[in-house]
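Undergrad: All I have is the shape, not the residue letters:
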């Protein structure tokens with residue numbers, strides 16, 4: 001005779017749960033996810049929802065480890081949506097921080113990248129965007145970052161760490177498949193692909209690997225093969241990609257920068273910040 005894994009009562013032959021217990025657990029799971037998602041988006045702190053979390057956990061007879069993963073996953077999805085919907089203020093960032101801390105999110109752990117929990121890092125980027133758009137000073141930590149010679153009036157804003165530099169080139173081809181990032185509003189982009197059979201195609205060809213620095217006046221790239229500066233005043237057009245940004249000047253071929261930002265796709269951030277800085281300069 002098996003025992004129910006929720007209530008520990010007899011569950012029947014070859015059974016590990018009661019149907020009623022299973023339904024109750026699922027109801028609590030759904031309610032917990034909606035609770036933390038609503039908290040992220042509606043201005044609540046962890047203190048506002050902690051009691052209800054405990055009640056739902058008890059009602060569903062759920063394990064602490066399961067509840068933790070469920071809450072973090074729900075907070076992560078809500079945070080990614082919230083971050084790209086509008087720039088996040090410092091007050092909002094600190095409020096949502098209390099939620100993450102309260103539900104057991106381990107800041108800086110390998111678990112974040114392993115599970116692709118990029119909601120909180122997205123909030124941090126959105127907070128930087130808010131400061132840039134409102135002319136506020138951005139806190140920049142240069143530890144472990146590549147150093148560039150900046151002008152006296154220039155302030156560093158953001159460094160991507162490792163990044164790939166690619167350029168557009170015409171390549172002879174028969175069959176190919178390409179994926180392009182398309183804007184869908186609110187800073188969000190999705191990839192759209194197409195297969196065709198041209199004799200030539202314009203392809204992105206990796207040409208260097210290095211580090212990107214955005215400042216108040218220019219984009220810097222320091223690579224294995226080349227190091228250069230692109231003043232915002234020289235940029236004619238920006239092309240958004242989910243995982244990078246295309247930069248076109250009045251001379252030379254277009255350049256596409258694809259950061260490896262701990263596995264995150266930050267094209268939405270780069271496009272919005274650079275668009276503001278370029279427009280402000282021009």
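TA: Thanks, I have it. Keep in mind it's a predicted model, so treat the numbers as computed, not measured. Residues are numbered from 1 along each chain as shown.

Undergrad: Okay, strands next: where are they in the protein?
TA: When secondary structure is read from DSSP state E, the chain shows strands at 2-3, 10-12, 156-172, 176-185, 188-196, 200-215, 218-223, 227-231, 235-241, 244-249, 255-259.

Undergrad: Tell me which residue is most central in this structure.
TA: With distances taken as CA atoms, centre = their mean, residue 122 lies nearest the centre of the chain, 4.1 Å away.

Undergrad: mind checking how far that residue is from residue 267?
TA: Between residue 122 and residue 267 the distance is 12 Å, computed by CB to CB, to the nearest Å. Bear in mind the C-beta positions are built from the backbone N, C-alpha and C, glycine included.

Undergrad: wait, what's in contact with residue 95?
TA: 43, 44, 45 (CB atoms under 8 Å, 6 or more residues apart in numbering).

Undergrad: Out of those residues, grab the one that's most surrounded.
TA: For the contacts of residue 95, neighbours were counted by other CB atoms under 10 Å; the highest total belongs to residue 44, with 17 neighbours.

Undergrad: Please state the backbone phi and psi of that one?
TA: As for residue 44, its main-chain torsions (degrees, to the nearest 10) stand at phi -90, psi 160.

Undergrad: That one is in contact with residue 38, isn't it?
TA: Yes. With the criterion set as CB atoms under 8 Å, residue 44 and residue 38 qualify as a contacting pair; they are 7.4 Å apart.

Undergrad: what's stretch 204-213 in contact with?
TA: Contacts with stretch 204-213, where a contact means CB under 8 Å, 6+ apart, come from 145-146, 148, 156, 158-169, 171, 219-227, 256-257, 259.

Undergrad: er, stretch 24-31 I mean
TA: For stretch 24-31, the surrounding residues in contact (CB under 8 Å, 6+ apart) are 6, 56, 57, 59, 60, 61, 62, 70.

Undergrad: Same question for stretch 80-91.
TA: Among residues not part of stretch 80-91, those counted as contacts by CB under 8 Å, 6+ apart are 40-41, 96, 118-119, 122-123, 125-127, 129-130, 133, 186-188, 268.

Undergrad: Give me the distance between residue 247 and residue 216.
TA: 17 Å.

Undergrad: Looking at the two, which one has more neighbours?
TA: Remark: of residue 247 and residue 216, residue 247 carries more neighbours, 22 against 19, as counted by other CB under 10 Å.

Undergrad: between the contacts of residue 95, which is nearest residue 74?
TA: When the contacts of residue 95 are compared for distance to residue 74 (CB to CB), residue 44 comes out closest, at 13.4 Å.

Undergrad: Spit out the contact partners of the closest one.
TA: Residues near residue 44 by CB under 8 Å, 6+ apart: 38, 95, 99.

Undergrad: Ramachandran coordinates for residue 265?
TA: Per degrees, to the nearest 10, the backbone of residue 265 is at phi -100, psi 110.

Undergrad: What's the biggest helix in this protein, counting residues?
TA: Longest helix of the chain, by residue count under DSSP state H: helix 19-42.

Undergrad: Go through it and flag the buried ones.
TA: 21, 24, 25, 28, 29, 32, 33, 35, 36, 37, 39, 40 (16 or more other CB atoms under 10 Å).

Undergrad: Throw the residues you listed into CSV and include distance to residue 279 and pLDDT, thanks.
TA: Listed next are these as CSV, based on distance: CB to CB, whole Å; pLDDT from 0 to 100:
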residue, distance to residue 279, pLDDT
21, 58, 64
24, 54, 71
25, 52, 83
28, 48, 90
29, 45, 92
32, 43, 97
33, 39, 96
35, 40, 97
36, 37, 98
37, 34, 97
39, 35, 98
40, 30, 98
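
Undergrad: could the residues you listed be laid out in CSV, adding distance to residue 105?
TA: Compiled in CSV, those are given as follows (distance: CB to CB, whole Å):
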residue, distance to residue 105
21, 28
24, 26
25, 23
28, 20
29, 18
32, 15
33, 15
35, 16
36, 11
37, 15
39, 13
40, 12
